[in-house]
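Q: Using only what follows, build the 3D model:
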Amino acid sequence: MKKALFGFFTLVGVLFLASCGTGASTQEDTKTFTLAQNGVAMELVFHYDGDKVIRQTANNVMPYEAIGVATKEEAQELLDPVAKQYQQVQGLDYSLEYSDSEAIESLTINYDELDYDSAKQLPGVNFEGDTDNGISMERTEEMLLDQGYELKEE
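A: This is a model prediction of the structure:
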């Protein structure tokens, strides 16, 4: 069970692998990254302006087998305490739904509203660099590609 929970924290932590950056354009663009790992399908969508990430959404589909549980009830027991922590942080909109065979995680991060100090206390969260100037799209993309994510053509 601890191994499965650690795997879940790792998935959530991926959402915060970024470092500071600056940018000054006038149009918001998007980039979508996908990864299937150990049976879990992950999709990250970044909304950015220049090099600065404004907002990020994450949609993860986690089959119960992939997180080390067999039933919806076991998944709820494992994941609900973590979900509650994420739901209490300003700038995060987090939901977790359960079907008969998988948990579906949705997270939106508004980086302009994010309480970075509270977010740093969450399990699996890791920031690299100084976030005072925002989150760099270029550095984020580089790290995600290094981790095996694929950039989805839009």
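
Q: Surely Met137 touches Gln56?
A: No. Judged on CB atoms under 8 Å, Met137 makes no contact with Gln56 at a distance of 10.0 Å. Where C-beta positions appear, they are placed from N, C-alpha and C, glycine not excepted.

Q: Between these two, which contacts overlap?
A: Phe46 (CB atoms under 8 Å, 6 or more residues apart in numbering).

Q: Could you tell me how many residues sit around Gln87?
A: 13 (other CB atoms under 10 Å).

Q: which strand residues sit across from the residue nearest to it when sequence neighbours are not counted in the sheet?
A: Closest residue to Gln87 apart from its sequence neighbours, by CB to CB, 6 or more residues apart in numbering: Tyr94 at 5.0 Å. Going by DSSP bridges, Tyr94 is paired in beta bridges with Leu107.

Q: I'd assumed Ala66 was in a helix, is it?
A: Yes. Assessed by DSSP: H, G, I helix; E, B strand; the rest coil, Ala66 belongs to a helix.

Q: Mind naming the longest strand for this protein?
A: Using DSSP state E to define each element, the chain has its longest strand at strand 52-63.

Q: Please enumerate the strands of this structure.
A: Under DSSP E, the chain gives strands at 28-37, 40-49, 52-63, 92-98, 102-110, 135-136, 150-152.

Q: that older thread, residues in contact with the longest strand of the chain: which ones?
A: The contact list for strand 52-63, computed with CB under 8 Å, 6+ apart, reads 8, 11, 15, 18, 21-23, 28, 39-48, 101-112, 133-137, 140.
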